[in-house]
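[1] I would like the atomic coordinates for the input below:
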Amino acid sequence: MKEIKTDSDQSTAEASVQETIASDVSTMDACVAHAKEVRDTQLERIKSRDYDFAPEFKGMTIQLYLLGVMWRHAETLDSKSEHAYELAFSALKVFLVQEGLTPSKATKRIEFLRKMSKMEDGRTALPVAVGYESEPGDDSLAEVLDHYVEDMQVSGDFWRVYNRFRKIMLYGGLSISFVVIWFITLFMPGNSAITILAAGLIAAALFVIPVFLIGILMYRSKIKKVQQSKQST
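    Below you'll find the predicted structure:
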């Protein structure tokens, strides 16, 4: 026979759900508060080290580190390991919103961090693992960042070169395109709008492509120098 739930059973179930939700919210709030305290302490400890990383990489690494911190803290609050891991992501989203991101941007950021929290072979990423194992007052964040100091691809210098070349390509290409369109319109009347626009796009491409190739050559040259210095040590 089909079991019929009474109003009393439904009320008990709803109360249990509400209690679980309240418990999760309390755990997330505790994790966020703990993560902020850890972050402030760790940032103070690395202030004198003058790390030079691309801003996006540094921000992502710190956020993954704090994910590990929150994960461990959620477990200490009597949450099951798997449940604590998911709670850590929820807490990190709350943390990001409190730091100024809109809820929609925080959701997209969490999706990105979830992908980056695991290696291709399924292992936990280094920043998350170190954050999970961290202890109060240690230099665990410095341990993570030290691991990437010699990685040219995430260096601040490479990011600045990339940003500089990107601006040169954008503004230079637009400027040359405008000049060519202006010149043809003024001194070569009779051309169709499509012809004039095509000439401007071709002129922009003739500027952008060489600049892009020069940037690639500079990047490869720097990578080779770093690799050679590593081999010689």
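[2] so where's the protein uncertain?
    Confidence mapping of the chain against pLDDT under 70 gives the ranges 1-23, 79-81, 222-233.
[3] show me where it has its helices.
    In the chain, the helices defined using DSSP state H lie at 7-46, 55-76, 81-98, 103-116, 126-133, 140-146, 156-187, 193-232.
[4] can you pull out the residues in contact with the third one?
    For helix 81-98, the surrounding residues in contact (CB atoms under 8 Å, 6 or more residues apart in numbering) are 24, 27-29, 31-32, 35-36, 63, 66-68, 70-71, 74-75, 77, 79, 103, 105-107, 109-110, 113-114. C-betas here are computed from N, CA, C, even on glycine.
[5] what sits against Pro127?
    Contact partners of Pro127, counting by CB under 8 Å, 6+ apart, are Thr61, Ile62, Leu64, Tyr65, Leu67, Gly68, Val144.
[6] you'd agree the last one is up against Lys58?
    Just to be clear, that refers to Val144. No: under the criterion of CB atoms under 8 Å, Val144 lies out of contact with Lys58, with a separation of 10.4 Å.
[7] looking only at neighbour counts, state which of those two leads.
    Here Val144 and Lys58 are compared on neighbour count by other CB atoms under 10 Å; more neighbours surround Val144, at 24 against 17.
[8] list the contacts of the more buried one.
    If you count contacts by CB under 8 Å, 6+ apart, Val144 has them with Thr61, Tyr65, Leu126, Pro127, Val130, Gly131.
[9] sorry, back to before: for the buried ones among the contacts of Pro127, write the corresponding ChimeraX selection.
    What follows is the ChimeraX syntax selecting those of the contacts of Pro127 that are buried according to 16 or more other CB atoms under 10 Å:
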select :61,62,64,65,67,68,144
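[10] between all of the contacts of Pro127, which two are separated the most?
    Spatial extent of the contacts of Pro127 (CB to CB) is set by the pair Leu67 and Val144 at 12.1 Å.
[11] between these two, which contacts overlap?
    With contacts taken as CB under 8 Å, 6+ apart, the residues that reach both Leu67 and Val144 are Pro127, Gly131.
[12] and His147, what does it touch?
    Taking CB under 8 Å, 6+ apart as the criterion, His147 is in contact with Leu126.
[13] returning to what we had before: write the ChimeraX selection for whichever of the contacts of helix 81-98 are buried.
    For selection in ChimeraX, the members of the contacts of helix 81-98 meeting the burial criterion (16+ other CB under 10 Å) are listed in this command:
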select :24,27,28,31,32,35,63,66,67,68,70,71,74,75,79,106,109,110,113
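[14] how is the chain partitioned into domains?
    Annotated domains of the chain cover 9-149, 156-232 [automatic domain parsing].
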